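# I would like to see how this sequence folds:
(3 chains)
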Amino acid sequence: MKNWKSKIIGGGLRVSAFVVLLILASIILYVLVLGIPQLKPTLFQWKYNSENVSMMPAIINTLLMIALSLTIAIPLGIGAAIFLTQYKKEGAVVKVIRMTSETLSGIPSIVYGLFGNIFFSTYCGLGYSLVSGALTMAIMILPLIMRTSEEAFLALSKGLEESSLALGAGKLRTISKVLLPSAMPGIISGIILGMGRVLGESAALIYTAGTATGMAESLLSPARTLSVHMYALTSEGLHMEEARAVAAVLMVLVLIVNFISNRLGKMVGGKNE
Amino acid sequence: MKKEGLFKFLFAAAALFSVLAVVVISLFLFASAFPTILEIGPLNFLFGKIWKPGNDIYGIFPMSVGSVYVTGISILIGVPLGLFTALYMTYFAPKRLYRVMKPAVELLSGIPSIVYGFFGLMVLVPLFRSIFGSGKSILTASVLLSFMILPTIITVSESSLRALDNSLLEGALALGDTKEKAVFRVMVPAASSGILSSVILGVGRSIGETMAVVMVAGNQPRIPGSVLDGVRTMTANIVLEMGYATDLHREALIATGAVLFVFVLILNLSFSLIRRKK
Amino acid sequence: MSEKMKTENLHLFYGEKEALKGIDISIGEKQIVSLIGPSGCGKSTFLRCLNRMNDLIKDCRIEGKIYYNGLDIYSPSSDTAKLRKNVGMVFQKPNPFPFSIFENIAYGPKTHGLRNKVKLQETVEKALSEAGLWDEVKDRLNSSAMGLSGGQMQRLCIARALAVEPDVLLLDEPTSALDPISTEKIEELLLTLKDRYTIVIVTHNMQQALRISDMTAFFLLGEMVEYGETTKMFYSPQDKRTEDYITGRFG
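This next block holds a predicted model:
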């Protein structure tokens, strides 16, 4: 009994899905089609000057920022996930930990930026620097890494733990040599999402890592990442062509990150079936 | 055995780090914001209609209104679009299309704000200017934000729809409903708390968004008269002025951040209340 | 024949619920003992007492004594790791670690301190040979164990347990997830292992108990109703309940 009402509803649903795909496609195509022709070798010269508007220092800074913030966030996130899945699964403390990690994941990046500026840059005296930015980003991606790691541990079959213990291994050895390696694909896909967050972040970095155009020479040097670079170029309005090129590079990087995390996600999903 | 204890302690410390982080963030934001708000006067600060740092007048009411407008309209556009898409993906999409849509939605959530902002500035602003006569406006910002919250709405709604028992749908179909009607009459109400969570998360994302909004909203710190007027949100206010602000001006921006933080805390609280009910 | 393991008046509680109600059993060396009984009768719970796997379960409490080689395994001086090394266990669902075949087998010996590469190689080969898997996998020791068939995985798990040189092997329904051909292979394997190991096996399959075991214990509602030589028990059960169970199932 198909009537006109159902047809309208069905049509509406289909159109919505189509619109969503259209939005995505137009953003990607717009950015790539207009951006890729703007790419030229001078944009990748090692040193930035107002002549070449090179994005190379920003690319290097982004890589440094990703590496540093992950170095801080990964042990914390995995450690927390191990605690919550292998040691203490319930109780008041666990509730508080979950609540706070949810709170952290809800805080807007500009508030992280403000906090980083007040605390790391000013109170701790780290200034606008790579390390201020990385510490801020580490806190920001911590809940993401924590949650994906937790899920990865929870997805493991109970049999792995039992088999290891039945062979006479202790709890710590079971965790470090069996459970952690087994959960690795899931954890890594979370880490890659975290990389994506750092790559795309600008609001939290402008006032912590700063907007200086040079390449970071030490942990305490300011470091403008690619996203911040793009913001600077766009808001100044003087270098729109270069901004398009940066957008294209960012987009390609995002596509790569997404592709990898997707692949890993499928690997994890496939194994559990 | 000593090693076991040491590592348990380390894992616990890692888990408690997030608690520490929230405490320190709250402490530093509020410790700085409270005295500032008292100095400016709570009423003047929260409900003052004029923001003129040059004259030391700091009223954030226009920015609060701006944030609420932009967020509200983005929800009005984004939620139906996202929910319908989630319904389509869950119940109607052919498998092959689904396999394209799922990663597409994930990709949408991976695109950096700044790229959204750039797209808004280069595409939406000229487009809206030619249609409505004004490019940078509440409307433009809201439309752009509605794109940005789509992944949140779609993903959370879809997973709450998928968590439902399939027999619900079969029961409704057995009573002679068409699938389209049954989905709306039975599944949407059954998943309502999950859908509501998706809306709250969407509000959180929308109200906190900075870089994309700053590029398309116009950023005039005044109470807008229509959706085609430019507007400045709280987030935009911070990012625009933090670079050169000093003394009380700087403190006032931090206080703006604290107000935003409180907004988000309230959202989080209602989110966990909904989840507990479920 | 000497006694390998023994329990005395063993009670086990999950919180308030009594899951084992005073089990007395003596398990002789180099024998295969089958534990049979309907689901939920306590046979798996009992098996897991013998290498203290129930320690993992919250609110699980034990009264009575369990002896391994005459030593009380719950005495404070007993070393759980060492006990589990001596009393190996294989589970219902084949659960290899998601590592290479070699690493799966080498994990146990490494846990107990074996580092020497040559010795490890020897141990792995010996364990795989004992489990009858060596010829099938010797050319792909470094490929993932997840690529094996279900039956091969289970034999890998047996090899993994053998690699730490236990003398008792506990098997918790090892063939219930396998096809008949793989099941037969495992049964043959267990019969050859009997020369060197004491084997306690929980099984739902009564023909299996009859085919492979020397002794059989029948569990019902947390009690051990009857324990004796397998053929005797199957052909002339002493207890009415045993008879009902066996005939009901054979029919």
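# Tell me if A:M140 really is in a helix.
Yes: A:M140: assigned to a helix according to DSSP: H, G, I helix; E, B strand; the rest coil.
# Could you report the neighbour count for residue 217?
If you meant another chain, say so; for now it's chain A. 10 (other CB atoms under 10 Å in any protein chain shown). Glycine gets a C-beta too; all of them are placed from N, C-alpha and C.
# oops, I was thinking of chain C
With other CB under 10 Å as criterion, C:A217 counts 25.
# do you know how far it is from C:Q31?
To C:Q31, C:A217 is 12 Å away according to CB to CB, to the nearest Å.
# Check the contact lists of these two and give me the overlap.
Shared contacts of C:A217 and C:Q31, defined by CB atoms under 8 Å, 6 or more residues apart in numbering or on different chains, are absent.
# Tell me who's in contact with the residue of chain A found nearest chain B.
Chain A approaches chain B most closely through A:P108 (2.5 Å), counting by CB to the nearest CB. Taking CB under 8 Å, 6+ apart as the criterion, A:P108 is in contact with A:203, B:204, B:207-210, B:235, B:260, B:264.
# Mind doing that once more with 7 Å?
Remark: with contacts taken as CB atoms under 7 Å, 6 or more residues apart in numbering or on different chains, A:P108 is in contact with B:208, B:210, B:235, B:260, B:264.
# Would you report the backbone torsion angles of the second one?
Main-chain dihedrals, B:T210, degrees, to the nearest 10: phi -120, psi -60.
# Correct me if wrong: it contacts A:E201.
No: using CB atoms under 7 Å, B:T210 is not in contact with A:E201, being 10.4 Å away.
# Quickly list what's touching both of these two.
Both B:T210 and A:E201 are in contact with A:S109, where contact means CB under 7 Å, 6+ apart.
# and the residue of the stretch 51-200 of chain C at minimum distance from chain B, how many neighbours?
In the stretch 51-200 of chain C, no residue comes nearer to chain B than C:A81, which is 10.6 Å away by CB to the nearest CB. C:A81 has 15 neighbours, counted by other CB under 10 Å.
# For chain A, see how far away it is.
4 Å (CB to the nearest CB, to the nearest Å).
# ok, and the closest non-adjacent residue to that residue?
A:G168 (4.3 Å; CB to CB, 6 or more residues apart in numbering or on different chains).
# Mind checking what secondary structure that neighbour has?
coil.
# Now do stretch A:118-126: everything it contacts.
By CB under 7 Å, 6+ apart, stretch A:118-126 touches A:127-128, A:132, A:135-136, A:208, A:220, B:24, B:28, B:32, B:254.
# pLDDT at C:M215, what is it?
pLDDT for C:M215: 94.
# Count residues in the vicinity of it, would you?
The number of residues packed near C:M215 is 21, by other CB under 10 Å.
# near chain A, which residues of the stretch 101-250 of chain B show up?
Contact residues (CB under 7 Å from any CB of the partner chain) of the stretch 101-250 of chain B with chain A: B:101, B:103-104, B:106-108, B:110-115, B:118-119, B:121, B:123, B:147, B:150, B:176, B:178, B:180-181, B:184, B:204, B:208, B:210-211, B:215, B:235, B:238-239, B:242.
# Any idea how far the stretch of helix or strand B:V143 belongs to is from the middle of the chain?
Assigned by DSSP states H and E, B:V143 belongs to helix B:138-162. Distance of helix B:138-162 from its chain centroid, counting by CA atoms, centre = their mean, to the nearest Å, is 9 Å.
# Next: stretch B:74-94.
17 Å.
# And for stretch B:237-247?
With CA atoms, centre = their mean, you get 22 Å for stretch B:237-247.
# and what of stretch B:36-55?
The answer for stretch B:36-55 is 25 Å, by CA atoms, centre = their mean.
# Repeat that for stretch A:98-118.
The answer for stretch A:98-118 is 14 Å, by CA atoms, centre = their mean.
# quick revisit: give me the lowest-pLDDT entry from the contacts of A:P108.
B:V264 (91).
# hang on, the earlier thing: now do the same contact list for the residue nearest to C:A81.
With CB under 7 Å, 6+ apart, A:G168 has these contacts: C:81-82, C:84-85, C:111-112, C:164.
# Secondary structure and distance to A:L63 for the residues you listed - can I get that in CSV?
Formatted as CSV, the contacts of A:G168 follow (DSSP: H, G, I helix; E, B strand; the rest coil; distance: CB to CB, whole Å):
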residue, secondary structure, distance to A:L63
C:A81, helix, 44
C:K82, helix, 49
C:R84, helix, 46
C:K85, helix, 47
C:T111, helix, 38
C:H112, coil, 43
C:V164, coil, 45
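# any chance of the residues you listed in a markdown table, with pLDDT too?
Shown next, in a markdown table, are the contacts of A:G168 (pLDDT from 0 to 100):
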| residue | pLDDT |
| --- | --- |
| C:A81 | 89 |
| C:K82 | 91 |
| C:R84 | 93 |
| C:K85 | 93 |
| C:T111 | 93 |
| C:H112 | 92 |
| C:V164 | 92 |
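# between those residues, which has the most around it?
In the contacts of A:G168, the most neighbours by other CB under 10 Å go to C:R84, 26 neighbours.
# Just the pLDDT at A:N262, thanks.
A:N262 is given a pLDDT of 82.
# Please, which helix or strand holds it?
Applying DSSP H and E as the criterion places A:N262 in helix A:240-272.
# Show me what that helix packs onto, helices and strands only.
Helix A:240-272 sits against helix A:4-35, helix A:180-200, helix A:226-236, helix B:95-110, helix B:113-119, with contacts defined as 3 or more CB pairs under 7 Å, 6 or more residues apart in numbering or on different chains; DSSP states H and E.
# Make JSON lines out of the ones you listed and add mean pLDDT, mean neighbour count and distance to A:M146.
Shown next, in JSON lines, are those (pLDDT from 0 to 100; neighbours: other CB atoms under 10 Å in any protein chain shown; distance: least, CB to CB, whole Å):
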{"stretch": "helix A:4-35", "mean pLDDT": "93", "mean neighbour count": "17", "distance to A:M146": "28"}
{"stretch": "helix A:180-200", "mean pLDDT": "93", "mean neighbour count": "22", "distance to A:M146": "8"}
{"stretch": "helix A:226-236", "mean pLDDT": "91", "mean neighbour count": "24", "distance to A:M146": "23"}
{"stretch": "helix B:95-110", "mean pLDDT": "92", "mean neighbour count": "16", "distance to A:M146": "18"}
{"stretch": "helix B:113-119", "mean pLDDT": "95", "mean neighbour count": "27", "distance to A:M146": "23"}
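# Which of the ones you listed sits closest to chain C?
helix A:180-200 (5.1 Å).
# Contacts made by that closest one with the rest, please.
A:62, A:65-66, A:69-70, A:73-74, A:78, A:137, A:140-141, A:144-145, A:148-149, A:151-153, A:155-156, A:160, A:227, A:253-254, A:257-258, A:260-261, A:264-265, A:267-268, B:110, B:112-113, C:97-98.
# Kindly report the same for stretch B:186-205.
Applying CB under 7 Å, 6+ apart, the contact partners of stretch B:186-205 are A:106, B:71, B:75, B:78-79, B:83, B:148-149, B:152-153, B:156-157, B:160-161, B:164, B:168-169, B:172, B:264, B:267, B:270-271, B:274-275, B:277-278.
# at 8 Å instead, please
Against stretch B:186-205 from outside (CB under 8 Å, 6+ apart): A:106, A:108, B:71, B:74-75, B:78-79, B:82-83, B:87, B:91, B:148-149, B:152-153, B:155-157, B:159-161, B:163-164, B:168-169, B:171-172, B:177, B:264, B:267-268, B:270-271, B:274-275, B:277-278.
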